[in-house]
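> sequence first, then the predicted structure, then my questions.
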Amino acid sequence: MATIPYVLVDAFTSEPFAGNPAAVCLLTDPLPRETLQAIASEFNLSETAFVRAIDDGFELRWFTPKDEVALCGHATLATAYALQRTFGAALPNYRFQTLSGELTCAPEGELLELNFPATPPIEAPVDPALIEGLGIRNYSHYARSIFDVMVVLPREEDVATLAPDYTALAAVDTRGIIVTAAASEPGIDFVSRFFAPAHGINEDPVTGSAHCCLGPYWADQLGKQALRARQCSSRGGELMVTVKDDRVALRGAATLIAEGTLYIP
């Protein structure tokens, strides 16, 4: 029987039981995809990360309870935190080989900074089923990134009070649905929520990869490259987002919640 150490980390928060939880599993050898998926389904979190040391850094894969994804921010932040604080790999920076190419993460004081590819939104034909599933009447912009649909609403309150029909949204052909608006609170530039019911996640608490789309959009709208974002899910979380040409830097905190051992037959 094989054993795999794991930790549970709340990402994009300095407080426990907030932000976005991720399981991080440290592998010594590759495991079959079906085993990784079974483990992710067992944890039943929005993302479970599997990290393994290789010659040029670390191999990193992310799984929802239903499938593997190509890019995940909060589980990458959680992985770097776990390597730094629990798994004994306290490096100046971390290089991750992923389905989205090489990603890096570096400590910045008490925070961690991810360097991710920008995925700017492009105006796209409106899907009436998506608008109906969100239950909205008024929106100012509708666009798609390479992963998600983004819908801009008039006010922060419209985002916070949204009550989507998850069954209807699960039938929409997209990884996820980003809903966003300019923030009303001083010191926060924009707010968002993220829904991915087709992948087993009705609402993701704090979605780092969505900000690779949101960052370029709001940087253009607000005329500034450094932004402060809040994802207004029930758990909540904050990110500092900086757009740098075709890259996006995402900075946030993380908190260790639990650690243990998996037993694999």
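That came through fine. Numbers count the residues shown, from 1 in each chain.
> alpha carbons only for contacts and neighbour counts from here, please
Noted.
> ranges for the strands of the stretch 51-200 of the chain?
Assigned by DSSP state E, counting those that start in this stretch, the stretch 51-200 of the chain shows strands spanning 57-63, 68-69, 94-98, 101-108, 111-117, 122-123, 141-144, 148-152, 176-182, 190-196.
> same list, those, but as CSV with mean pLDDT and mean neighbour count please.
Shown next, in CSV, are these (pLDDT from 0 to 100; neighbours: other C-alpha atoms under 10 Å):
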stretch, mean pLDDT, mean neighbour count
strand 57-63, 98, 22
strand 68-69, 96, 18
strand 94-98, 97, 20
strand 101-108, 94, 18
strand 111-117, 96, 21
strand 122-123, 96, 13
strand 141-144, 98, 18
strand 148-152, 98, 24
strand 176-182, 98, 24
strand 190-196, 98, 24
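> now those as TSV including distance to E34?
Formatted as TSV, those follow (distance: least, C-alpha to C-alpha, whole Å):
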stretch	distance to E34
strand 57-63	11
strand 68-69	10
strand 94-98	18
strand 101-108	22
strand 111-117	27
strand 122-123	35
strand 141-144	30
strand 148-152	25
strand 176-182	23
strand 190-196	21
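> so which of the ones you listed comes closest to F12?
Smallest distance to F12 across those (C-alpha to C-alpha): 9.1 Å, for strand 111-117.
> ok, residues contacting that closest one?
Defining contact as C-alpha atoms under 8 Å, 6 or more residues apart in numbering, one finds that strand 111-117 is touched by 73, 76-77, 80-81, 103-107, 209, 212, 246-254.
> now swap in stretch 245-256 and tell me
By C-alpha under 8 Å, 6+ apart, stretch 245-256 touches 7-16, 77-78, 81-82, 110-118, 208, 211-212, 215, 238-243.
> what about stretch 65-72, how long is it end to end?
14 Å (C-alpha to C-alpha, to the nearest Å).
> in that stretch, which residues are buried?
Residues P65, K66, D67, E68, V69, L71, C72 are the ones in stretch 65-72 that count as buried (16 or more other C-alpha atoms under 10 Å).
> tell me who's in contact with the third one.
Contacts here follow C-alpha under 8 Å, 6+ apart; on that basis D67 touches Q37, H199.
> so what are the domain limits for this structure?
2-113+251-264, 122-244 (automatic domain parsing).
> one step back: give me the buried subset of the contacts of strand 111-117.
73, 76-77, 80-81, 103-107, 209, 212, 247-254.
> so where's the stretch 151-265 of the chain uncertain?
Low-confidence segments of the stretch 151-265 of the chain, defined by pLDDT under 70, are absent.
> where do the helices sit along it?
Secondary structure of the stretch 151-265 of the chain (DSSP state H, counting those that start in this stretch): helices located at 156-160, 166-169, 211-222.
> most packed of these?
Greatest average neighbour count among the helices of the stretch 151-265 of the chain goes to helix 211-222 (a mean of 21), per mean count of other C-alpha atoms under 10 Å.
> tell me the angle that one makes with strand 176-182.
30 degrees (axes from the mean of the first three to the mean of the last three C-alpha atoms, to 10 degrees).
> residues in contact with helix 211-222?
Taking C-alpha under 8 Å, 6+ apart as the rule, helix 211-222 contacts 116-121, 145, 190, 225-227, 241-243, 247-248, 250.
> repeat that with 6 Å
For helix 211-222, the external contacting residues (C-alpha atoms under 6 Å, 6 or more residues apart in numbering) are A118, T119, P120, P121, Q225, V248.
> could those go into a markdown table alongside distance to R33?
What follows is the contacts of helix 211-222, written out as a markdown table (distance: C-alpha to C-alpha, whole Å):
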| residue | distance to R33 |
| --- | --- |
| A118 | 28 |
| T119 | 27 |
| P120 | 30 |
| P121 | 31 |
| Q225 | 39 |
| V248 | 29 |
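> let me know the closest of those residues to V152.
P121 (11.3 Å).
> and the pLDDT at the closest one?
Predicted confidence (pLDDT) for P121: 98.
> surely it and I146 touch.
No - with contact defined as C-alpha atoms under 6 Å, P121 does not count as touching I146 (7.7 Å).
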